[in-house]
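Engineer: Give me the fold of what follows.
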Amino acid sequence: MFYKDERLALFIDGSNLYAAAKSLGFDIDYKLLRHEFMRRGKLLRAFYYTALLENDDYSPIRPLVDWLNYNGFTMVTKPAKEYIDRDGRRKVKGNMDIELTVDAMELAPHVDHIVLFSGDGDFRPLLESIQRKGVRVSVVSTIRSSPPMISDELRRQADNFIELDELRDVIGRPPREEPSYAPRETESAE
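Structural biologist: Below you'll find the predicted structure:
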């Protein structure tokens, strides 16, 4: 439940929200997302957290990060760390939990309601602490994926759980086709 006069802040765990939406078969339209929550209350801040690979010539997330930065979102990024796992596979690590937690704790005295876009159970103590300060917390994730993208502990701690799939018609768009780099076959003139 939202109240028109309450001060809101959004905290978006970028990789977690992306994975949840992808598991439901749609992409997030961040312009619509921002407008939806501006409609629900007095939106003070919309934070978006993601790690970026610095050494890639082109990162697929870079256009999104730039767009969000110019369109009312507060971007919080840090360099992702690359490593090779014991099976020889390239892995990328870029956890933003601490940055999100610190920002939420700092902003809590200035808002009435925080909306967390993540299903990560590591955020349960954050929700508990923010609630002790008198701030209501809603969590946006999904239980409709297999497995569910939200931890049971986080869902139980939240004042309000918002099923991401129920926001599909409001903030979603069809997924973009993955670019195909295979050369097109040409018809031969026989």
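Engineer: Show residues contacting the lowest-mean-pLDDT helix or strand in the chain.
Structural biologist: Every helix and strand in the chain was compared by mean pLDDT, DSSP states H and E; the lowest is strand 90-93, with a mean of 77. Strand 90-93 is contacted by residues 51, 53, 80-85 when judged by Cβ atoms under 8 Å, 6 or more residues apart in numbering. All C-beta atoms are positioned from the backbone trio N, CA, C, and that covers glycine.
Engineer: Flag every buried residue along the next helix or strand after that strand.
Structural biologist: Heading C-terminal from strand 90-93, the first helix or strand you meet, by DSSP states H and E, is helix 97-107. Residues of helix 97-107 classed as buried: 100-101, 103-104, 107 (neighbour count, 16 or more other Cβ atoms under 10 Å).
Engineer: Stretch 28-45 now?
Structural biologist: 28, 30, 33-34, 37, 40-41, 43, 45.
Engineer: just stretch 111-127 next, same as before
Structural biologist: Neighbour-count burial for stretch 111-127, counted by 16+ other Cβ under 10 Å, picks out 111-120, 122-124, 126-127.
Engineer: Which of the residues you listed fall within helices?
Structural biologist: The helices, defined by DSSP state H, take in 124, 126-127 from the buried residues of stretch 111-127.
Engineer: how about these in TSV, adding distance to Arg176?
Structural biologist: Formatted as TSV, those follow (distance: Cβ to Cβ, whole Å):
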residue	distance to Arg176
Arg124	33
Leu126	32
Leu127	32
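Engineer: Closest to Arg62 out of the residues you listed?
Structural biologist: Nearest to Arg62 among these is Leu126, at 28.3 Å by Cβ to Cβ.
Engineer: quick one on the thing from earlier: adjacent strands (with direction) for the least confident helix or strand of the chain?
Structural biologist: strand 81-84 (antiparallel) (DSSP bridges).
Engineer: follow-up on the earlier one: reformat the buried residues of helix 97-107 as TSV; add distance to Phe73 and pLDDT.
Structural biologist: Below are the buried residues of helix 97-107 laid out as TSV (distance: Cβ to Cβ, whole Å; pLDDT from 0 to 100):
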residue	distance to Phe73	pLDDT
Leu100	14	98
Thr101	18	98
Asp103	13	98
Ala104	15	98
Leu107	14	98
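Engineer: Great, nothing more from me.
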